[in-house]
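[1] pasting a predicted model and its sequence here:
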Amino acid sequence: MDDQNKNLILATALSFIVILVWFVMFPPPEPVTTGPDGEVTETDRTATGAETGNLDTAAGPVAAPGEEPAGPDPAGADTADAPRIEVSTPSLRGSISLQGGRIDRLFLKKYRNSLEPDSGMVELLSPVGNPTPYYALYGWAPGAGLTLDQVPGANTIWSLESGDTLTPGNPVTLKWENEAGLVFRRVLSVDEDFMFTVTQSVENSSSEPRTLAPYGILARHGEPQGLKNFFILHEGLVAMADGELVETDYSDIADLEFNEREGARAEVTQVTENGWTGFTDHYWMTTLIPAGGTPFKSVVKFDPRREIYQTETVLPTRTIAPGEQTTARTRLFAGAKEWDTIRNYQNEDGVDRFLDSIDWGWFFFLTKPIFAVLHWLNVWLAGVGLTGSMGWAIIGLTLLIKALLLPLAYKSYVSMAKMKELQPQMEQIKEAAGDDKQKLQKEMMELYKKEKVNPASGCLPILLQIPIFFSLYKVIFVTLELRHAPWVGWIRDLSAPDPSSILNLFGLLPWGAPEPGSIVAIFSLGILPILLGISMWLQQKLNPTPTDPTQRMIFAWMPWVFMFMLGTFASGLVIYWIANNTITFAQQYLIMRSQGYKPDVFGNIKAGFQRQREKQQTDDKK
């Protein structure tokens with residue numbers, strides 16, 4: 001076996017092993033499920049099964065004099081019958097309950113649960129009393145001299161002081177006062193995207209100083225329904241603490257040790273300057289964001305009895321003198337993880353490293369720039385009126401990547417062409433060396449050195465493609481911009497596998513494709529996977545079929561094995577692979593011709609079929 005064929009075998013085997021491991025570790029996403037009413041439900045929605053009624057009233061234990069107030073309890077009674085304030089923006093629809101002043105009902109106007117025309121909007125937040133409670137709650141933890149009933153809690157009924165509907169530019173103000181001379185106000189405002197601003201104030205009209213600490217809570221009853229538990233995707237707590245990203249899975253939150261101070265399984269982080277904390281799903285996120293430069297205590301908790309996950313921010317305790325007031329301003333992000341929107345909040349509104357809330361993974365140094373370029377191409381192509389711009393952006397990204405790697409590819413293909421020219425000399429060396437492998441290796445190395453040929457250079461472009469492939473897989477799987485993004489014709493979602501099937505002749509026969517996940521679906525190849533297999537097969541035909549039977553078998557099967565393995569991957573990734581194979585074919589053909597070697601593609605194809613016929617005839621004679 002000559003060195004060139006060894007390199008080809010090695011490169012092919014490496015690619016095969018990488019794809020096989022990736023396929024086993026990161027299976028394709030679960031299909032969307034159908035609810036009892038026939039409506040397709042989004043897998044990112046919260047779980048059912050948590051307790052919903054008759055929960056304890058708000059607030060944890062009162063702190064001893066001189067101590068920081070303990071964190072509150074977010075649980076509250078059913079809010080279904082409480083008065084509500086409507087929320088209406090270009091991006092959100094929902095309402096705020098006057099019971100606890102909770103932001104607890106939000107739908108994302110721009111996003112649907114499925115591609116079906118009658119599919120409902122994605123529901124992000126849901127109130128207590130529903131099967132999937134998930135909400136934001138704000139308030140004041142009592143300090144020395146105050147009791148629980150003297151501060152607003154999870155079940156406090158607020159009054160609406162001003163405003164009627166929360167819209168961009170039209171805030172609402174809630175008011176509640178106790179019998180101890182404290183007047184609490186909460187001003188809620190929202191922008192056109194997904195950012196709420198919550199301004200809490202306390203006016204002390206009593207004759208005694210009062211000590212309190214403002215807080216914000218995100219509470220989630222149960223794990224999200226359809227939690228994917230993929231190694232490639234983080235779902236759970238996501239937080240930033242003074243420049244350090246914190247990601248904690250739901251299972252790890254549930255395993256936290258009991259914290260006596262917090263009265264629950266909890267972990268406390270002291271943030272000195274900048275930070276935020278929240279829960280992230282596949283495509284959606286809620287995040288508590290204290291004002292920049294403000295120290296706060298970040299707490300993640302789990303209540304096993306009621307199966308409530310929560311994260312909270314508690315700002316420093318403040319003492320309000322008689323006749324004075326204090327104000328605390330924080331923000332709440334509740335919406336879709338749109339790259340452009342989150343980047344604007346980071347760059348223009350000063351939310352520290354907010355783009356890191358998107359799960360870029362281990363290869364963040366590749367995934368971040370790859371998506372930035374992909375997004376730019378998508379916007380530019382959409383601007384010129386190209387339909388299915390994200391699909392074309394993937395092809396454009398492939399062209400840019402191949403252009404960047406062209407110098408390495410050029411050296412590789414030039415080396416391959418020279419290896420072809422050296423083939424007669426290599427055969428002479430093999431015949432002269434006979435069984436003396438040491439002599440054969442020595443003379444081969446001398447030949448390579450003399451002709452300035454690197455036999456290993458053919459593997460380098462393929463090896464460099466591996467992290468790029470992983471990074472692009474991550475980008476396509478994680479980023480919202482690929483979700484439900486159409487391309488051409490039958491490809492309506494680049495984040496999902498090709499829906500066409502050879503088993504019904506791509507829609508010509510009167511029956512549907514097999515259900516995803518079934519055994520039959522393994523053989524239900526779509527148009528894109530078939531094109532992928534053909535492109536790999538044609539790329540092989542740039543070189544003659546190896547004479548060694550083992551090599552010949554590996555090369556014969558490899559394109560079709562990849563075709564089946566990648567058939568269930570996202571369409572966007574398969575488009576990238578097809579484009580990459582096509583460009584590689586063109587590069588290799590042109591570069592090898594420029595070096596005086598003309599690849600005989602059709603001759604190699606014909607020779608391959610001829611060998612198959614000869615083998616079949618030999619088998620028939622036996």
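    Received, thanks. Numbering: from 1, shown residues only.

[2] tell me the contacts of Tyr410?
    Ile591 (C-beta atoms under 8 Å, 6 or more residues apart in numbering). All C-beta spots, glycine's among them, are computed from the backbone N, C-alpha and C.

[3] surely Tyr135 meets Leu124?
    No: if you go by C-beta atoms under 8 Å, Tyr135 and Leu124 don't touch, sitting 10.1 Å apart.

[4] neighbour count winner among these two?
    Tyr135 (28 against 25; other C-beta atoms under 10 Å).

[5] show me what contacts the more buried one?
    Applying C-beta under 8 Å, 6+ apart to Tyr135 gives the contacts Pro74, Arg102, Ile103, Asp104, Leu125, Ser126, Pro127, Val128, Leu218, Ala219.

[6] quick one: the fourth one from Glu192, how far?
    Using C-beta to C-beta, to the nearest Å, we find Asp104 at a distance of 21 Å from Glu192.

[7] the two: which is more packed in?
    Ranked by neighbour count (other C-beta under 10 Å), Asp104 and Glu192 place Asp104 first, with 27 against 13.

[8] what is the burial count for Pro369?
    11.

[9] please identify the helix or strand for it.
    For Pro369, the host element (DSSP states H and E) is helix 364-383.

[10] tell me which strands and helices whichever helix or strand comes after that helix is in contact with?
    Using DSSP H and E, the next helix or strand after helix 364-383 towards the C-terminus is helix 389-404. On a contact count with 3 or more C-beta pairs under 8 Å, 6 or more residues apart in numbering; DSSP states H and E, helix 389-404 meets helix 364-383, helix 571-594.

[11] follow-up on the earlier one: columns pLDDT on top of the contacts of Tyr135, output as JSON lines?
    As requested, the contacts of Tyr135 are arranged in JSON lines below (pLDDT from 0 to 100):
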{"residue": "Pro74", "pLDDT": "62"}
{"residue": "Arg102", "pLDDT": "96"}
{"residue": "Ile103", "pLDDT": "97"}
{"residue": "Asp104", "pLDDT": "94"}
{"residue": "Leu125", "pLDDT": "96"}
{"residue": "Ser126", "pLDDT": "95"}
{"residue": "Pro127", "pLDDT": "94"}
{"residue": "Val128", "pLDDT": "91"}
{"residue": "Leu218", "pLDDT": "97"}
{"residue": "Ala219", "pLDDT": "96"}
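
[12] would you turn the residues you listed into CSV with distance to Pro369?
    Shown next, in CSV, are the contacts of Tyr135 (distance: C-beta to C-beta, whole Å):
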residue, distance to Pro369
Pro74, 39
Arg102, 40
Ile103, 35
Asp104, 38
Leu125, 33
Ser126, 37
Pro127, 41
Val128, 43
Leu218, 31
Ala219, 37
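
[13] of those residues, closest to Arg483?
    Leu125 (19.5 Å; C-beta to C-beta).

[14] so how far is Gly335 from the closest one?
    Following C-beta to C-beta, the distance that separates Leu125 from Gly335 is 10 Å.

[15] touching both of the two, which residues are there?
    With C-beta under 8 Å, 6+ apart as the test, Leu125 and Gly335 both reach Leu106.

[16] rewinding a little: which of the helices and strands packed on helix 389-404 sits most buried?
    Mean neighbours per residue, mean count of other C-beta atoms under 10 Å, is largest over the helices and strands packed on helix 389-404 for helix 571-594, with a mean of 20.

[17] in contact with Ile96, which residues are there?
    Ile96 neighbours (C-beta under 8 Å, 6+ apart): Arg84, Ile85, Val87, Arg102, Ile103, Asp104, Arg105, Leu166, Val172, Leu188.

[18] the last one: neighbour count?
    Each residue near Leu188 was counted by other C-beta under 10 Å, and the total is 22.

[19] mind checking pLDDT for it?
    Leu188 is assigned 98 on the pLDDT scale.

[20] ok, now which ones touch it?
    Contact analysis of Leu188 by C-beta under 8 Å, 6+ apart lists Ile96, Gly101, Ile103, Leu166, Pro171, Val172, Thr173, Leu174, Phe196, Thr197, Val198, Thr199.

[21] so Asn229, which state does it fall into?
    Secondary structure, DSSP: H, G, I helix; E, B strand; the rest coil: Asn229 is coil.

[22] that one and His282, how far apart?
    Applying C-beta to C-beta, the value for Asn229 to His282 is 11 Å.

[23] about what we covered before: just the buried ones from the contacts of Leu188?
    For the contacts of Leu188, a burial check counting by 16 or more other C-beta atoms under 10 Å picks out Ile96, Gly101, Ile103, Leu166, Pro171, Val172, Thr173, Leu174, Phe196, Thr197, Val198, Thr199.

[24] isn't the second one up against Leu174?
    This points to Gly101. Yes: using C-beta under 8 Å, Gly101 makes contact with Leu174 at a distance of 5.2 Å.

[25] still on that earlier bit, between Asn229 and His282, which is the more surrounded one?
    His282 (24 against 11).

[26] and the gap between the nearest residue to Ser88 once chain neighbours are set aside and Val246?
    Sequence neighbours aside, Thr167 is the residue nearest to Ser88 in space, at 5.4 Å (criterion: C-beta to C-beta, 6 or more residues apart in numbering). In this view, Thr167 and Val246 are 34 Å apart by C-beta to C-beta.

[27] and those two? which has more neighbours close in?
    More neighbours surround Thr167 than the other of Thr167 and Val246, with 18 against 15 (other C-beta under 10 Å).

[28] and the gap between that one and Glu348?
    Distance, Thr167 to Glu348, by C-beta to C-beta: 21 Å.

[29] state the distance from Ala570 to Glu338.
    Distance of Ala570 to Glu338, given as C-beta to C-beta: 19 Å.

[30] these two: which is more packed in?
    Legend: neighbour count by other C-beta under 10 Å for Ala570 and Glu338, higher for Ala570 (22 against 19).

[31] for Gly101 and Leu174, list the residues in contact with both.
    Contact criterion C-beta under 8 Å, 6+ apart; residues shared by Gly101 and Leu174: Trp158, Arg186, Leu188.

[32] now these as CSV including secondary structure?
    Shown next, in CSV, are these (three-state DSSP):
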residue, secondary structure
Trp158, coil
Arg186, strand
Leu188, strand
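
[33] so where is the stretch 501-622 of the chain shaky, pLDDT-wise?
    Across the stretch 501-622 of the chain, the ranges flagged by pLDDT under 70 are 516-522, 544-548, 551, 608-622.

[34] all helices for it, in order.
    527-540, 549-565, 571-594, 601-621 (DSSP state H, counting those that start in this stretch).

[35] and the stretch 201-350 of the chain, by the same measure?
    Under DSSP H, counting those that start in this stretch, the stretch 201-350 of the chain gives helices at 250-254, 339-347.

[36] CSV for those helices, including distance to Tyr473 and mean pLDDT?
    Formatted as CSV, these follow (distance: least, C-beta to C-beta, whole Å; pLDDT from 0 to 100):
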stretch, distance to Tyr473, mean pLDDT
helix 250-254, 24, 94
helix 339-347, 17, 97
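
[37] could you dump the ones you listed into a markdown table with mean neighbour count and distance to Leu381 added?
    Shown next, in a markdown table, are those (neighbours: other C-beta atoms under 10 Å; distance: least, C-beta to C-beta, whole Å):
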| stretch | mean neighbour count | distance to Leu381 |
| --- | --- | --- |
| helix 250-254 | 16 | 38 |
| helix 339-347 | 17 | 15 |
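
[38] any chance of the ones you listed in TSV, plus distance to Ile468?
    As requested, these are exported to TSV (distance: least, C-beta to C-beta, whole Å):
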stretch	distance to Ile468
helix 250-254	31
helix 339-347	19
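
[39] of all those, which one is nearest Thr211?
    helix 250-254 (30.2 Å).

[40] what does the closest one contact?
    Contacts for helix 250-254 (C-beta under 8 Å, 6+ apart): Glu223, Pro224, Leu227, Glu235, Gly236, Leu237, Arg265, Val300, Lys301, Phe302, Pro304, Tyr309.
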